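In: here are the coordinates; sequence isn't available:
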């Protein structure tokens with residue numbers, strides 16, 4: 001009789017832990033939503049307007065260098081020969 005009571009405690013703890021983890025996992029699997037579906041119509045992208053907007057972007061005269069103030073703009077001459 002005493003041996004049977006010793007196994008009931010750990011089994012009930014394991015069952016309670018599984019129930020605690022099962023509820024949030026079940027909630028994440030729900031696909032549907034209680035809200036009404038969106039009736040908002042998304043505007044279609046006009047290809048001509050998109051390409052015209054891209055053409056209005058000015059060309060950069062020289063590429064942007066974020067490290068321009070940190071290093072020299074002209075690379076230094078490489079030393080000739082091997083250095084060991």
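Out: Yep, that arrived. Keep in mind the model is a prediction, meaning the values are calculated, not measured. Residues are numbered from 1 along each chain as shown.

In: Following the chain onward from the lowest-mean-pLDDT helix or strand in the chain, which element is next?
Out: For the chain, counting by mean pLDDT, DSSP states H and E, helix 2-28 ranks last in confidence among helices and strands (a mean of 78). Moving toward the C-terminus from helix 2-28, the next helix or strand (DSSP states H and E) is helix 47-55.

In: So which elements touch that following helix?
Out: Helices and strands touching helix 47-55, by 3 or more Cβ pairs under 8 Å, 6 or more residues apart in numbering; DSSP states H and E: there are none. (C-beta placed from N, C-alpha, C; glycine too.)

In: What count of nearby residues applies to residue 42?
Out: When neighbours are counted by other Cβ atoms under 10 Å, residue 42 registers 6.

In: got a list of what it touches?
Out: For residue 42, no contacting residues are found, by Cβ atoms under 8 Å, 6 or more residues apart in numbering.

In: Now do the buried residues in the least confident helix or strand of the chain.
Out: Buried residues in helix 2-28, counted by 16 or more other Cβ atoms under 10 Å: none are found.

In: Cool, thanks, talk later.
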